[in-house]
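# just need the structure, nothing else, for what follows:
(2 chains)
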Amino acid sequence: MEIATLSDRLEQTILDLSSFSFELGIIGTLVLLLLVAVIKPLRQANVFYTTFHLVSLVVLVFLLQRDQGVLFAVTTDSHILFGGMLQVQSWSYLFKLAYVLTLAIVLVYALITKDKANLNIEYQVLMVAILLGASLLTMSNHLLMVYLSVELLSIASYALVYFGKKKRAAEAAMKYLLFGAVSSALMVYGMSWLYGLTGSMNLTDPQFAEGLTNAPMAAVAIAALLTLTGFLFKIGAVPFHIWIPDVYQSAPLPVVGLFSVVPKLAALVVLGRFLYASDWQLFLVGYENSISMQEVLIFIAIVTMTLGNVGALAQRSARRMLAFSSIGHSGILIGALALQSHSGMSSLYFYAITYLLMNLAVFFLIQMLEKVYQDDRMELFSGWGERHRLWAILTVVLMVSLTGLPPTLGFTAKLLVFSAWWEVYSIEANSAYLVLLIAGLVNTVIALFYYLKIPYFMYFRKPLSEAGSSPVLLRPAIILYMVLILPLLYFFFRPSLLVELANNVTFAF
Amino acid sequence: MPENYLLSLLIFIPIVGSIAIFISPIGKSDWHRWVNAVVVGIQLVLAIALFVDFDPSDPGRYAVQLNWFDLSIGTIGQLSVEYYLEVDGFSILLVLLSGIVMMTGAIASWNINKQTRSYFALYALLSGTVMGAFISLDFFLFYLFFEFMLLPMYFLIGLWGGPRREYAAIKFFLYTLFGSVLILIVIIGLYTASFDPVKTAVSANLIEHADEYNDAIAQKVQAAVASGEIVGNDLVRTFNMKYMRDAANYSPDALLSPSNTSENSGWSFRAWAFFLMFVGFAIKLPAVPFHTWLPDAHVEAPTAISVVLAGILTKIGGYGILRAGIQIFPEQLITFSSWLVIVGVISIVYAGFNALAQRDLKKLIAYSSILHMGFVFVGMGSLTVEGFSGAFYMMLSHGIISAALFLITGVIYEQTGNREIANYSGLAKQTPYFTFFVTISFFASLGLPAFSGFVAEMLVFLGVFKGAQVQEYSFLWAFLSTAGLLLSAAYYLWTLQRMFFGPSYVKVSGFTGSLKDISLRYWILFVPLSALMLLFGIFPSLILNKIGTAVNELLMILQA
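From the prediction side, this is the model:
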């Protein structure tokens, strides 16, 4: 390599660093957290670390601003970083904002409940690592980078699950690790096929798309489906969802909250990039015609939402029920992604933000339940309607929103996704979208049945005798709960702000 | 300008009352009762004032149309949701009925002693949302109220109901939610197909401000959309039912556009949409075979909630199908009209025989509700002015009569905790006044002349026989529909004979002595309800004048 090009490249890399300050900031936070732990070993240190961590998240938002311009403004620029490894896009900013928000809320959980385990420093560092992995994954433009970020996410996740420190947690972490390792291996194998077929690993490289159209369809199908495995595993889509109920049941709740949002969204985004990289025509055994990747995803979406919702019906443990319900929501998100259109993506983002608020609220509720009863059976909500009136009413709002009924944001989010499906159906007349829409609607009805269980116990059952005298829920907790739930009502009546946020960017991949 | 606020007050006074009850201290039961009665009473007074003042030739007088929110939703344009309330010939009767029935229920709830705060807060909330569903002419707003009323209803049945209340409540919720998601598909299809000409004109810069809008601009906008000149974000999609009525306000290539003739499985998309909407509202109404939630819900619900459920909630199904059929899917209504008659007749006959077989008085009345709602479909399907007026009349008349009928079961159940018909005999001797009101209600319901039920059934029969001469259904169906008259006479008279005449006894374990006659509370309820049955039976023009415009719309679509 000539010296001149090398120095050019170096110069370019240094220039690129200037739009990379968010990730640099994350790395800085990571290092600082470790340093602070060394210099400030106080008794109340745990709370201190978490507060420090929270403050650093605020700084990160400013760094993100600096990278990608102004809040709520149209930024259509998209540029390649580090020789094609990463691609910064206007919308990646929106997702990163969602990740930071999630992490911040999850940290506040931990601060409020003051569980030692949830505040200690290794735990915090791992959470930051998840943030870094997710943020890199969102921008990944190169198969190697995708793999690297998925692994960064995964390894931190395995360790975090173990922080449950229960026997079950060890089992769940082990299961998760095994499933994760297998799916990563399959993914990397698929990627090697893709590289072999195209000679490029860069998703936006014309050579990549060209190579795929020229390659034999069956080979592309194998490569694409293998690669898909890794993404679907992270999203928690059927048939790679088996780890979700176990992990959600045993991991510490802040971690569950984090898992249910951040890796899922990051994997969805990268799946979107993958989807847009080529006009995938797959040839599957038993099919006469080629089928497109969208159709594969639509099929996965339908199966995922249906199995998730049906699986939730029979659960008695609140955590397991919500684990299945989150699988159901993943189905809708994948369905929105499969549209490959701007309205699909903006409705996906809208749904994702709604889902973020609802899911974090509901896991926070479970956290409160466990704080009081050390268990998560839904019967334990019995009598909350009388004992904890505000909690119970907010929970009704939350469950109505999770089901997707008005007057809550959950309804608006579903309406937008369904409208996007209908729009594509009416343009392309592909009945797969109609089936998707019908599945979405039927699932809304199924979902009502199990989401109503918690309000049912709260209002329809007398308090359990084993609970003894009325236990007191933590005072500051209700404020966080309100902060998470009131937007669900407010944005139903004034959805413009959220929609503008999603609409101001162009979802081009 | 009081007119501008009247419709909003109809919705929001009960909702504010609900909040007031909710934040009041828990033990003040009387306060909860009175606040509820006062807000629902105000709602009734406003509804009556609106009814009296309503001029069919000037329906827009009380309309409120405000922007709620606009969203940009991708390539098909912007979405515009309006806070749009209006009463017209379709809704005026139901607004009045809603006021009457909710007030009846409020007084009938007086003896609720368990958790009064929650009960009355939910009840007042329900009053507001039910009223909202009738006067919203924006589909988004309509759907909001339509869905939202399920939640208070779920708790009202599930918390204050009978032994199997939890099962009945969730069954009610799931069935009606299934019906409403079918309606939601149609709403999505409609709003992504139609557009708001006023806002589109503004956003496409044809006019500066909405005030400059006139017919010439309308044609210009519609032509521009039809030719594909206005696309994307300039096109303002609307939930407004008023705009959806005009075929020119649809994008020509949209699936639910009247000019789109493409088909799916042999039916045009509009036919499918009408079908889905029909099923959705038929679940709510309910019509056989979607009716199984109703007997369960009624049997378990407390008396007042049964009154509300039969008196007004089921009418939303009839109202929805009448409005959507006539105003949005007229061609499909004509195509499907024979099926409406057939479904209606099947409901009548099936529910009639079921009612005959019931041993529980309340279940009998629940089935009689299904029977009478069958007349709504029959009248509507006949596509005649008589049948159509009859369908409206039936909703009003049955709303009032069924309120009284469910109160009757309440009178008995409150005293003995049992509603088996066989356990009672000779009640006429024990409770003469009660028997008097029972007789009035039964006869009004089976269609005795001079009562409102007679006018309603007469109109429907006139319509269905007249329609049989021109429509596709045969006379057989028209004849079969008169079976409703016979069957209801049979089960009412038989019940009257079994329970109220004969040797005097009450055979309920744990209950000794005879039944006490009705208390003052029931006098307050039965006297006005009976008077209304007579009033609307003797002076049908009171009602028919008000719905004239809605009936004319039917004539217009038949001519077109």
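
# strands of chain B, residue ranges please.
For chain B, applying DSSP state E gives strands covering B:64-72, B:78-85, B:236-238, B:263-264, B:267-268, B:424-425, B:505-506.

# count of residues packed around the closest residue to chain B within the stretch 201-350 of chain A?
Per CB to the nearest CB, A:Ser343 is where the stretch 201-350 of chain A lies closest to chain B, at 2.6 Å. From N, CA and C alone the C-beta is placed, and that goes for glycine too. Using other CB atoms under 10 Å in any protein chain shown, A:Ser343 is surrounded by 24 other residues.

# which pLDDT value belongs to it?
In this model, A:Ser343 is scored at 79, pLDDT.

# can you report how many residues neighbour the residue nearest to it when sequence neighbours are not counted?
Distance criterion CB to CB, 6 or more residues apart in numbering or on different chains; nearest residue to A:Ser343, sequence neighbours excluded, is B:Gly74 at 2.6 Å. Look at B:Gly74: counted by other CB under 10 Å, it has 25 neighbours.

# helices of the stretch 51-200 of chain A, start to end?
For the stretch 51-200 of chain A, the helices defined by DSSP state H, counting those that start in this stretch cover A:90-113, A:116-119, A:121-139, A:143-162, A:167-198.

# ok, and what's touching the next helix or strand after the last one?
Spelled out, it's helix A:167-198. Downstream of helix A:167-198, the next assigned helix or strand under DSSP states H and E is helix A:206-214. Under the contact criterion CB atoms under 8 Å, 6 or more residues apart in numbering or on different chains, helix A:206-214 has outside partners A:194, A:197-202, A:220, A:277-281.

# what about B:Ser514, distance to chain A?
Taking CB to the nearest CB, to the nearest Å as the measure, B:Ser514 falls 36 Å from chain A.

# pretty sure that residue contacts B:Val506?
Yes - when contacts are counted by CB atoms under 8 Å, B:Ser514 is listed as touching B:Val506 (6.3 Å).

# overlap in contacts, these two.
Joint contacts of B:Ser514 and B:Val506 (CB under 8 Å, 6+ apart) are B:Gln430.

# out of the two, which sits in the busier spot?
Under the criterion of other CB under 10 Å, the comparison of B:Ser514 against B:Val506 puts B:Val506 first, with 19 against 15.

# quick one, strands of chain A?
Under DSSP E, chain A gives strands at A:79-81, A:86-88, A:281-282, A:291-292.

# averaging pLDDT over each of the ones you listed, which comes out lowest?
strand A:281-282 (a mean of 70).

# contacts for that strand?
Residues contacting strand A:281-282 (CB under 8 Å, 6+ apart): A:Thr213, A:Met217, A:Val220, A:Ala221, A:Ala224, A:Leu225, A:Ser290, A:Ile291, A:Ser292, A:Met293, A:Val296.

# count the neighbours of the residue nearest to A:Val303 when sequence neighbours are not counted for me.
Once flanking residues are discounted, A:Val303 sits nearest to A:Val238: 4.8 Å by CB to CB, 6+ apart. Neighbour count for A:Val238, taken as other CB under 10 Å: 22.

# list the contacts of A:Gln87.
A:Ser78, A:His79, A:Ile80, A:Leu81, A:Met139, A:Ser140, A:Asn141, A:Thr204.

# can you check B:Ala355 too?
Going by CB under 8 Å, 6+ apart, the list of residues near B:Ala355 reads B:Leu364, B:Tyr367, B:Ser368, B:Leu371, B:Leu487, B:Ser488, B:Tyr491.

# and the residue lying closest to it once chain neighbours are set aside, what pLDDT?
Nearest non-adjacent residue to B:Ala355, counting by CB to CB, 6+ apart: B:Tyr367, 3.8 Å away. If you check B:Tyr367, the pLDDT there is 94.

# ok, B:Tyr367 touching B:Val349?
No - B:Tyr367 is not in contact with B:Val349 according to CB under 8 Å; the separation is 11.5 Å.

# what about these two, which has more around it?
Between B:Tyr367 and B:Val349, counting by other CB under 10 Å, B:Tyr367 is the more crowded of the two (26 against 18).

# re earlier: by neighbours, which of the contacts of A:Gln87 wins?
A:Met139 (27 neighbours).

# wait, what's in contact with that residue?
Contact partners of A:Met139, counting by CB under 8 Å, 6+ apart, are A:Leu81, A:Leu86, A:Gln87, A:Val88, A:Gln89, A:Ser92.

# taking the stretch 251-400 of chain B, what residue is nearest to chain A?
Closest point on the stretch 251-400 of chain B to chain A, by CB to the nearest CB, is B:Leu255, at 4.4 Å.

# can you dump the C-alpha coordinates of stretch B:98-106 into PDB?
Extracted as PDB, the C-alpha positions of stretch B:98-106 are listed here (Å, rounded to 0.1, in the frame of the first residue of the first chain):
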ATOM      1  CA  SER B  98     -79.600   7.100  25.300                       C
ATOM      2  CA  GLY B  99     -80.600   9.900  27.700                       C
ATOM      3  CA  ILE B 100     -83.800   8.000  28.800                       C
ATOM      4  CA  VAL B 101     -82.100   4.700  29.200                       C
ATOM      5  CA  MET B 102     -79.100   6.000  31.100                       C
ATOM      6  CA  MET B 103     -81.300   7.900  33.500                       C
ATOM      7  CA  THR B 104     -83.400   4.800  34.000                       C
ATOM      8  CA  GLY B 105     -80.300   2.800  34.800                       C
ATOM      9  CA  ALA B 106     -79.000   5.500  37.100                       C
END
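
# how much space separates A:Met201 from A:Thr227?
11 Å (CB to CB, to the nearest Å).

# which residues do the two both contact?
Joint contacts of A:Met201 and A:Thr227 (CB under 8 Å, 6+ apart) are A:Leu143, A:Met191, A:Leu194.

# ranking those residues by neighbours, who comes first?
A:Leu194 leads those on contacts (other CB under 10 Å) with 28 neighbours.

# verify the contact between that one and A:Ile222 for me.
No - here A:Leu194 lies out of contact with A:Ile222, judged by CB under 8 Å, at a distance of 10.0 Å.

# for B:Phe274, list the residues it contacts.
B:Ala324, B:Gly325, B:Phe329, B:Gln332, B:Leu333, B:Phe336.

# and the two most separated of those?
Farthest apart among these by CB to CB are B:Ala324 and B:Phe336. That separation is 11.8 Å.

# which of those two has more neighbours?
For B:Ala324 versus B:Phe336, neighbours defined as other CB under 10 Å are more numerous around B:Ala324 (25 against 19).

# the more buried one touches B:Leu276, doesn't it?
No - using CB under 8 Å, B:Ala324 makes no contact with B:Leu276, being 10.5 Å away.
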